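Mind looking at a prediction? Sequence and model below.
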Amino acid sequence: MAEAYYYLKNYDQSIAEASAAIEAAPDFEWPYYWRGMSRFQMGEIGLAEQDLATANRKNRRLGVAHLALGEIHAQNGLIEKAERRYRAALDADPDLISVYGSWAHLEMAQKDWDAAFELLKGALQKAPRTAWLHTQMGMVCLARGARFHSQGDKEAFRRETERSMDHFKTALRFDRTDRDASLGLKEARRRLAAVD
């Protein structure tokens, strides 16, 4: 019930259901997770962090709780703590694709395009038909292309910008409504035309 109310965005009720479940079965990790996630959505970050950490103590293999804690650390600018949590999430569940996206986003915010590229490359090997991963990879390739352009390496600029276009096109093939992929594709074409 807590999970259902969470997806209905009725976070107060989700918290109430999770709290009742915790009272009935305090050793079970999932009620702490859903209460923590609901509190996170409501901006109760300290309480959310406590619940998610408790869920992880109950079950160290709960990758989604590590991921959520990583998101909290990333939002607070605690880069190393966020990366440790993302690594723990992947250790617990190597197929939790959203970790790669969150971690890559963290690297992108620090302008570490190569680290983001490697993370997304690994994710796309596991989930090659995931539109948002292709969009994110397109953005990374576009940024790497701009870096090469500023260094005067036109060949590498062209290669990375064309690679970004391939990823944006793939994203749009899987999801025609992906606005970021559409805008990214237009920007990549504009940059290539400007150099030509």
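Looks like it came in fine. Residues are numbered from 1 along each chain as shown.

Now residue 78, what are its backbone angles?
The phi and psi values for residue 78, taken as degrees, to the nearest 10, are phi -90, psi 80.

now the helices for this protein?
Per DSSP state H, the chain carries helices over the ranges 2-7, 11-24, 29-41, 45-58, 63-75, 79-92, 97-109, 113-126, 131-150, 154-174, 179-195.

Could you single out the most deeply buried of these?
helix 29-41 (a mean of 24; mean count of other C-beta atoms under 10 Å). All C-beta atoms are positioned from the backbone trio N, CA, C, and that covers glycine.

helices or strands up against that helix?
helix 2-7, helix 11-24, helix 45-58, helix 63-75 (3 or more C-beta pairs under 8 Å, 6 or more residues apart in numbering; DSSP states H and E).

so can I have CSV of these showing mean pLDDT and distance to residue 109?
Converted to CSV, the helices and strands packed on helix 29-41 look like this (pLDDT from 0 to 100; distance: least, C-beta to C-beta, whole Å):
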stretch, mean pLDDT, distance to residue 109
helix 2-7, 97, 27
helix 11-24, 97, 27
helix 45-58, 96, 19
helix 63-75, 96, 8
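
could you dump these to a markdown table with distance to residue 121?
Formatted as a markdown table, the helices and strands packed on helix 29-41 follow (distance: least, C-beta to C-beta, whole Å):
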| stretch | distance to residue 121 |
| --- | --- |
| helix 2-7 | 31 |
| helix 11-24 | 36 |
| helix 45-58 | 28 |
| helix 63-75 | 19 |
